[in-house]
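**Student:** sharing a model that was predicted from the sequence below.
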Amino acid sequence: MHRLIVLAGFQSVWFVSVICAAYALYWPGPVIVILWLLLYAWRSGSMKQELTLGLISGAIGFFVDTAFIWSEAFIPEGIYGSLRLSPPWMIGLWLNFATSLNSLFYWLKGRYLLAAFLGFFGGPAAYYSGASLGAAVINHSFAYNLVLIGLGWSISLPLLIWLSEKIRPVISTNKPLAGGRKT
């Protein structure tokens with residue numbers, strides 16, 4: 001799938017999910033994410049690997065965002081129950097993010113320090129954007145909480161890049177691997 005289409009799909013799904021959550025519509029986001037992930041995975045030519053990466057990304061996101069919620073760094077709309085777990089629409093954003101790993105962030109493979117740097121700034125920017133649209137609240141000690149989110153993402157993004165290398169190490173079957181072998 002062309003990278004511009006992936007970028008447009010990724011951003012559109014993120015925006016729809018966040019806007020719906022801001023208006024207390026918590027399930028349209030996960031539904032559209034699943035449809036987008038299935039379309040992306042099917043068009044990628046590596047459906048099983050991309051779905052695996054998406055599910056693992058969603059699981060990581062569940063734990064990372066739940067930790068952010070428990071630390072009160074941010075509170076997203078749609079939290080259910082007293083356990084204060086990450087809501088489905090937030091998990092969907094991590095599934096959506098997985099569609100960008102092999103298509104938009106392929107150039108980060110093997111560049112873990114750069115991924116950590118980008119995660120440190122990009123993660124808080126995304127959470128701040130979502131909060132600005134009304135889908136979450138970043139609590140008092142605003143700067144501290146953004147740094148906390150940045151630290152979480154400075155670990156999460158390199159981990160996701162590493163996982164994308166392990167699950168789907170080569171984007172194109174025409175590109176040789178190290179040592180000159182073709183896949």
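**Tutor:** It's in.
**Student:** tell me, how many residues neighbour the nearest residue to residue 131 once chain neighbours are set aside?
**Tutor:** Among residues not flanking residue 131 along the chain, residue 138 sits closest, at 4.9 Å (CB to CB, 6 or more residues apart in numbering). C-betas here are computed from N, CA, C, even on glycine. Residues lying near residue 138 (other CB atoms under 10 Å) number 23.
**Student:** apart from its neighbours in sequence, what residue is nearest residue 86?
**Tutor:** Looking at residue 86 with CB to CB, 6+ apart, the closest residue is residue 65, at 3.7 Å.
**Student:** how about residue 88, nearest residue that isn't a chain neighbour?
**Tutor:** residue 30 (4.7 Å).
**Student:** pLDDT wise, what is that neighbour at?
**Tutor:** Listed pLDDT for residue 30 reads 97.
**Student:** about what we covered before: if I look at the residue nearest to residue 86, how far off is residue 151?
**Tutor:** 14 Å (CB to CB, to the nearest Å).
**Student:** show me which of these two is the more surrounded one.
**Tutor:** The neighbour count for residue 65 versus residue 151, taken as other CB under 10 Å, is higher for residue 65 (25 against 16).
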